[in-house]
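In: sequence and computational prediction follow.
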Amino acid sequence: MQPKAHVPGVAALLAVLLAGCTGGSGDDGTTDPKPGESATTPTAAQPGKYRTLPEPCAAVSHGTLDSLLPGIKQVTDEEQREKAYEGTATPTYDTDRKVGCRWKAESTVATDHLLVDFERVVSYNNAVSDDDRATDIYLTRETAADLPEPVASSESSNSPDSPDSSGSSPDESGSPSNSSGSGPSSGASGSGSGDESGSATPSDGSTPSDLQPRTLDDLGDEAFLDDALSGSRQRTVTVVFRTSNVVVTIQYDEQPATTTDVPSSKDMQDRARKLAGQLAGTFND
């Protein structure tokens with residue numbers, strides 16, 4: 001008697017049944033969880049708190065502009081003065097992501113410039129939140145500022161809201177000097193030549209130790225202030241702070257009309273920090 005031939009179809013069917021019993025990848029390409037385990041999906045990073053930005057040229061009040069840019073009040077033509085208050089928007093390709101505004105005013109003793117810039121940070125990486133990405137951008141700018149090592153001083157005494165901010169301030173020798181009259185003799189600007197004007201800025205133009213570039217503890221989630229004096233005695237005070245996923249930059253500079261004047265660090269820093277506090281407050285409303 002001849003042996004019976006094996007049927008290939010039966011063997012193939014048995015192989016399929018055995019594979020189904022031992023488990024494997026699902027139809028969607030994912031691995032079936034083991035007994036006692038549940039299938040999970042990665043949690044996306046949280047989006048930033050802010051989805052829009054302020055109108056930059058309307059973010060600074062006329063009163064604040066009068067303080068930072070005294071030359072505006074000296075413009076006799078009403079139409080030109082209003083134009084100076086309006087400022088000039090900086091070029092941008094996406095007003096939901098980055099906006100800014102510039103102002104300029106010339107007085108009899110100095111020319112002042114102000115820039116306010118808002119950047120809303122969006123992370124396109126699901127594993128990185130908008131806030132974390134904004135922190136990276138802020139830290140990059142702080143590192144680029146190359147701030148000096150902190151000095152032993154009272155930060156509160158330098159705050160524009162401090163009761164002592166308009167009182168005495170130490171000069172180079174550490175003795176107090178009256179700063180209530182800081183600014184040039186005309187009182188139209190923050191420029192001054194040091195002790196004669198009552199400014200905290202030494203006559204050589206250097207920045208007093210307690211006004212050196214530094215981080216700030218009372219502004220947004222994190223902040224720093226930079227202060228630089230050029231060879232032409234133009235002083236530039238920059239304040240950068242982060243609040244959630246928005247990074248705000250204020251750049252305030254003053255060029256005296258004569259090379260014998262030195263813009264006051266204290267006056268310019270106080271004005272820039274006051275403006276920064278006002279802008280930070282708008283994000284908390």
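Out: Sure thing, it's come through.

In: in this protein, which spans are strands?
Out: 88-89, 98-106, 110-120, 168-170, 176-178, 191-192, 214-216, 222-229, 235-243, 246-256, 262-263 (DSSP state E).

In: quick one, which of those strands is nearest to residue 52?
Out: Proximity to residue 52 (CB to CB) singles out strand 110-120 among the strands of the chain, at 7.5 Å. For the C-beta atoms, the positions are set from N, CA and C on the backbone; glycine is no exception.

In: name the single longest helix found in the protein.
Out: helix 265-284 (DSSP state H).

In: alpha carbons of that helix, as CSV, please.
Out: Taking Å, rounded to 0.1, in the frame of the first residue of the first chain, the C-alpha atoms of helix 265-284 are listed here in CSV:
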residue,chain,number,x,y,z
SER,A,265,24.2,104.4,35.2
LYS,A,266,21.8,104.7,38.1
ASP,A,267,19.3,107.0,36.4
MET,A,268,19.2,104.9,33.2
GLN,A,269,19.0,101.6,35.0
ASP,A,270,16.2,102.9,37.2
ARG,A,271,14.2,104.0,34.2
ALA,A,272,14.8,100.8,32.3
ARG,A,273,13.9,98.6,35.3
LYS,A,274,10.8,100.6,36.0
LEU,A,275,9.7,100.1,32.4
ALA,A,276,10.5,96.4,32.6
GLY,A,277,8.3,96.1,35.7
GLN,A,278,5.4,97.8,33.9
LEU,A,279,5.7,95.5,30.9
ALA,A,280,6.0,92.4,33.2
GLY,A,281,2.8,93.6,34.9
THR,A,282,0.8,93.5,31.7
PHE,A,283,1.5,89.8,31.3
ASN,A,284,0.0,89.2,34.8
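
In: flag every buried residue along it.
Out: Neighbour-count burial for helix 265-284 flags 265-277, 279-280, 283 (criterion: 16 or more other CB atoms under 10 Å).

In: before we move on, the earlier item: dump the strands of the chain to CSV, plus mean pLDDT and distance to residue 72.
Out: Formatted as CSV, the strands of the chain follow (pLDDT from 0 to 100; distance: least, CB to CB, whole Å):
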stretch, mean pLDDT, distance to residue 72
strand 88-89, 97, 14
strand 98-106, 97, 5
strand 110-120, 97, 9
strand 168-170, 39, 27
strand 176-178, 36, 28
strand 191-192, 48, 16
strand 214-216, 95, 27
strand 222-229, 96, 23
strand 235-243, 97, 18
strand 246-256, 97, 14
strand 262-263, 94, 17
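
In: so of those, which one's packed in deepest?
Out: Across the strands of the chain, averaging neighbours per residue (mean count of other CB atoms under 10 Å) puts strand 191-192 on top, at a mean of 30.

In: by mean pLDDT, flag the weakest helix or strand of this protein.
Out: In the chain, no helix or strand scores lower on mean pLDDT, DSSP states H and E than strand 176-178, which sits at a mean of 36.

In: contact partners for residue 219?
Out: Residue 219 makes contacts with 239, 241, 273, 276-277, 280, as judged by CB atoms under 8 Å, 6 or more residues apart in numbering.

In: let's see 10 Å
Out: By CB atoms under 10 Å, 6 or more residues apart in numbering, the contact set of residue 219 is 159, 225, 239-243, 248, 273, 276-277, 279-280.

In: and those residues, which two are furthest apart?
Out: In those, the most distant members under the criterion CB to CB are 159 and 242, with 19.0 Å between them.

In: one step back: ok, which of the strands of the chain comes nearest residue 75?
Out: Among the strands of the chain, the nearest to residue 75 by CB to CB is strand 98-106 (7.5 Å).

In: list the strands paired with the closest one, with their directions.
Out: If you go by DSSP bridges, strand 98-106 pairs up with strand 88-89 (antiparallel), strand 110-120 (antiparallel).

In: so which of those strands gets nearest residue 221?
Out: strand 110-120 (14.3 Å).

In: okay, angle between the closest one and strand 246-256 too, please.
Out: 170 degrees (axes from the mean of the first three to the mean of the last three CA atoms, to 10 degrees).

In: and the angle from strand 110-120 to helix 265-284?
Out: Going by the same axes, to 10 degrees, strand 110-120 makes 30 degrees with helix 265-284.

In: just the CA trace of strand 110-120, in PDB.
Out: Provided in PDB are the C-alpha atoms of strand 110-120 (Å, rounded to 0.1, in the frame of the first residue of the first chain):
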ATOM      1  CA  ALA A 110      21.700 114.200  24.600                       C
ATOM      2  CA  THR A 111      20.000 111.800  22.100                       C
ATOM      3  CA  ASP A 112      18.100 108.900  23.500                       C
ATOM      4  CA  HIS A 113      16.900 105.700  21.900                       C
ATOM      5  CA  LEU A 114      14.600 103.000  23.200                       C
ATOM      6  CA  LEU A 115      13.800  99.600  21.800                       C
ATOM      7  CA  VAL A 116      11.200  97.200  23.200                       C
ATOM      8  CA  ASP A 117      11.000  93.700  21.800                       C
ATOM      9  CA  PHE A 118       8.600  90.800  22.600                       C
ATOM     10  CA  GLU A 119       9.300  87.300  21.500                       C
ATOM     11  CA  ARG A 120       6.800  84.500  22.000                       C
END
